[in-house]
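> Test case, fold it:
(one chain, ligands or ions: 1)
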Amino acid sequence: MRKNIVAGNWKMNTTLEEGVELANNVNALLKDTKANCEVIVCVPFTHLTSVNAVIEPELVKMGAENCSEHEKGAYTGEVSAAMVKSTGADYVILGHSERRQYFGENNEQLLKKTQLALANGLKPIFCVGEVLEERENGSYNDVVKSQVEALFSLSPDDFSKIVIAYEPVWAIGTGKTATAEQAQDMHAHIRKVVEEKYGKEIADNTSILYGGSCKPSNAKELFAKPDVDGGLIGGASLKAEDFLGIVEAFN
Ligand code: PGA
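Residues are numbered from 1 along each chain as shown. Sure thing, here's the model as predicted:
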């Protein structure tokens with residue numbers, strides 16, 4: 001059966017020293033509180049190796065926040081999936097709305113990134129979600145469906161390694177959370193879209209996380225919904241106690 005997951009997305013926050021301290025604190029808190037879910041910290045590229053050195057893999061897993069759509073070579077400033085994997089990372093966030101919005105990442109690039117991540121043994125946390133206008137004009141189900149369909153050339157075996165994160169863009173960093181019902185409706189929709197392509201077994205085994213102003217005070221209600229398998233946490237992952245408060249929503 002699918003895994004429950006709480007993943008932090010630090011974004012462009014923390015210096016190396018601050019990041020190592022945060023990872024250390026998360027790890028220390030998880031020694032005291034047994035988590036009933038997989039806990040992941042997704043950290044800036046510059047922090048990966050150092051964070052990996054302070055976390056215990058049975059308590060906390062690590063991911064990057066992006067990787068290149070190119071395998072290797074003359075792409076100054078890019079970081080490849082193989083490089084990310086070589087730091088000890090298990091996961092990589094792909095297609096975050098900030099990447100789509102500010103860096104123009106499109107479905108074709110995201111498919112290439114996903115393929116390279118998988119080929120290098122990384123599990124993609126693939127983000128989808130509508131903007132406010134699409135929520136208001138009622139096209140949100142179609143928008144999210146087409147974002148998920150961007151991966152439908154993957155083999156069933158590859159698709160089964162993907163974690164999906166539904167992050168309504170209007171809820172990210174805004175303090176506005178989707179209601180638990182809105183999240184459940186969308187997660188059930190995503191699961192149905194996956195089922196129609198890959199069948200019930202893969203759909204039932206796909207973890208679908210909610211992201212967007214998730215915090216200790218609302219995590220329990222969101223995670224109680226049958227198709228919400230955890231969260232991708234931005235702001236509240238930057239304080240170890242808040243992040244742990246969200247992890248404890250599964251206890
Ligand atoms: P937020 O961000 O929790 O700060 O809203 C979530 C995300 O963007 O992954």
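
> Enumerate every residue touching the closest residue to the ligand within the stretch 101-250 of the chain.
Residue nearest to the ligand within the stretch 101-250 of the chain (Cβ to the nearest ligand atom): G234, separated by 2.3 Å. The C-beta positions use only the backbone N, C-alpha and C, and glycine is treated the same way. For G234, the contacting residues are 8-9, 11, 172-173, 211, by Cβ atoms under 8 Å, 6 or more residues apart in numbering.

> any idea which of those residues is least confident?
Minimum pLDDT across the contacts of G234 is recorded for G173, with 87.

> can you tell me the helix or strand for it?
In this assignment (DSSP states H and E), G173 forms part of neither any helix nor any strand.

> contacting residues around it?
Applying Cβ under 8 Å, 6+ apart to G173 gives the contacts 213, 234-235.

> Next, it: phi, psi?
Per-residue torsions, G173: phi 70, psi 10 (degrees, to the nearest 10).

> same check, this time on K200
When read as degrees, to the nearest 10, the backbone of K200 gives phi -70, psi -40.

> and it, how many neighbours does it have?
Per other Cβ atoms under 10 Å, the neighbour tally for K200 reads 11.

> Quick check: it vs R191, distance?
Going from K200 to R191 by Cβ to Cβ, to the nearest Å gives 9 Å.

> Kindly report the same for Y91.
In terms of Cβ to Cβ, Y91 sits 20 Å off from R191.

> Can you flag the buried ones in the contacts of G234?
Listed as buried from the contacts of G234 are 8-9, 11, 172, 211; burial here means 16 or more other Cβ atoms under 10 Å.

> if you skip the residues just before and after it, what's nearest to I55?
Using Cβ to Cβ, 6 or more residues apart in numbering and skipping the chain neighbours, the partner closest in space to I55 is N27 (4.9 Å).

> surely the one you found meets P57?
No - contact criterion Cβ atoms under 8 Å: N27 and P57 do not qualify, at 10.1 Å.

> which of the two has more neighbours?
Legend: neighbour count by other Cβ under 10 Å for N27 and P57, higher for N27 (18 against 10).

> Let me know the closest of the contacts of G173 to P44.
Nearest to P44 among those, counting by Cβ to Cβ, is G234 at 13.3 Å.

> and K220, what does it touch?
By Cβ under 8 Å, 6+ apart, K220 lies in contact with A249.
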